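J.: For reference, the sequence and a predicted model appear below.
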Amino acid sequence: MRICVFQPDIPQNLGALLRISACLDVPVDIIEPCGFPFSEKKFKRTAMDYIRHANFKTFIDYQSFKDQQSEDPSSRVILLTTKSKRNYLDFRFRKNDRLLLGRESAGVPEYVHETVDDAVTIEMPGKGRSLNVVVSCVMVLSEAIRQTRDL
């Protein structure tokens, strides 16, 4: 299982995702360009010393990410999006899935939607339209780990 972040634009969210990586031993793929430099003070403060323990890899663009992903034909890219009708709770995750998160400000462009293996959403019966990207990631990642923990 991997967390993949498409062009993150809020350093605190990426810092929180790196903390999740360090604590749960789930690698993070960062697809650039980011909307901030990695040396930004807020990013360092949010990631704290967890960044030393996080397993992360950066990619210069989406194509280089896809090229690397294609080296493992059993790996699937699963997009977390508000534009899917498939509830993540009804989806069957696999151990080597890559959970792709879009930019906080704009999600992912159409060309990304067209190239992912599948897409899931978090149903929201309330009045909000979306959750914070980190909250969404943790919800879906937890379900994916629950489903695949004994495999």
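T.: Cool, got the structure.
J.: The longest helix seen in the chain - contacts with which helices or strands?
T.: Counting residues, the longest helix found in the chain (DSSP state H) is helix 133-148. On a contact count with 3 or more C-beta pairs under 8 Å, 6 or more residues apart in numbering; DSSP states H and E, helix 133-148 meets strand 2-6, helix 11-24, strand 77-80, strand 98-101. The way it works is simple: take the backbone N, C-alpha and C, and place the C-beta from them, glycine included.
J.: would a markdown table of the ones you listed with mean neighbour count, mean pLDDT and distance to M139 be doable?
T.: Converted to a markdown table, the helices and strands packed on helix 133-148 look like this (neighbours: other C-beta atoms under 10 Å; pLDDT from 0 to 100; distance: least, C-beta to C-beta, whole Å):
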| stretch | mean neighbour count | mean pLDDT | distance to M139 |
| --- | --- | --- | --- |
| strand 2-6 | 24 | 98 | 12 |
| helix 11-24 | 20 | 92 | 12 |
| strand 77-80 | 23 | 98 | 9 |
| strand 98-101 | 24 | 98 | 11 |
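J.: nearest to P125, of those?
T.: Proximity to P125 (C-beta to C-beta) singles out strand 77-80 among the helices and strands packed on helix 133-148, at 17.8 Å.
J.: that older thread, show me what counts as buried in the longest helix of the chain.
T.: By neighbour count on 16 or more other C-beta atoms under 10 Å, the buried set for helix 133-148 is V133, V134, S136, C137, V138, V140, L141, E143, A144.
J.: who touches the first one in this structure?
T.: For V133, the contact set (C-beta atoms under 8 Å, 6 or more residues apart in numbering) comprises V5, P8, I10, N13, L101, G102, E104.
J.: Most distant residue from the centre of this protein?
T.: Here the chain reaches farthest from its C-alpha mean at K127, the gap being 24.2 Å by C-alpha atoms, centre = their mean.
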